[in-house]
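# Okay, here's the prediction I keep looking at, along with the sequence it came from:
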Amino acid sequence: MNSEAEGISGNGQVVVGADLLRQAGVALDGWSLSIARGVSEDGRVIVGDGINGEGMQEGWIAVLPPGHP
């Protein structure tokens, strides 16, 4: 199994491309997240591409709850 980092937060503590969102309890509501493309300086805002609940490819943005990462 291969893994690839797509982005890293300014403090180096968050690397996007992992199961971080599920672990943080972010509701995916029917989305299938294909790839994370970037992360904010503080590591709480992540953007990427995926398939929405209607089966269409779309960009997404997720905000981790306070206290994460």
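That came in fine, so what should we check first?
# The nearest residue in space to residue 64 that is not next to it in sequence and residue 21: what is the separation?
Nearest in space to residue 64, with sequence neighbours left out and distances taken as C-beta to C-beta, 6 or more residues apart in numbering, is residue 44 at 4.5 Å. All C-beta spots, glycine's among them, are computed from the backbone N, C-alpha and C. Separation of residue 44 from residue 21 (C-beta to C-beta, to the nearest Å) stands at 11 Å.
# Which neighbours do the two have in common?
residue 64 (C-beta atoms under 8 Å, 6 or more residues apart in numbering).
# Correct me if wrong: residue 31 contacts residue 54.
No: applying C-beta atoms under 8 Å as the test, residue 31 and residue 54 come out as separate, 10.2 Å apart.
# Output the below-cut-off pLDDT ranges for the chain.
Under the criterion pLDDT under 70, the flagged ranges of the chain are 1-4, 17-18, 69.
# So between residue 31 and residue 54, which is more surrounded?
Taking other C-beta atoms under 10 Å, residue 31 and residue 54 do not tie; residue 31 has more neighbours (15 against 7).
# what's the nearest residue to the more buried one if we skip its chain neighbours?
Nearest non-adjacent residue to residue 31, counting by C-beta to C-beta, 6+ apart: residue 50, 5.3 Å away.
# Can you give the contact residues for the helix or strand containing that neighbour?
Of the helices and strands defined by DSSP states H and E, residue 50 is found in strand 45-51. Identification of contacts with strand 45-51 by C-beta under 8 Å, 6+ apart yields 6-7, 16, 20-21, 31-40, 57-64.
# In PyMOL, how would I select just the buried ones from those residues?
Selection of buried members from these for PyMOL, criterion 16 or more other C-beta atoms under 10 Å:
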select buried, resi 7+16+20+21+33+36+39+40+60+62+64
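# Mark which of the contacts of strand 45-51 are part of helices, please.
Per DSSP state H, helices hold the following members of the contacts of strand 45-51: 20-21.
# Bridged to residue 7, which residues?
Beta bridges link residue 7 to residue 16 when assigned by DSSP bridges.
# on that earlier part again, the residue nearest to residue 64 against residue 63, yeah?
Yes: with contact defined as C-beta under 8 Å, residue 44 counts as touching residue 63 (6.1 Å).
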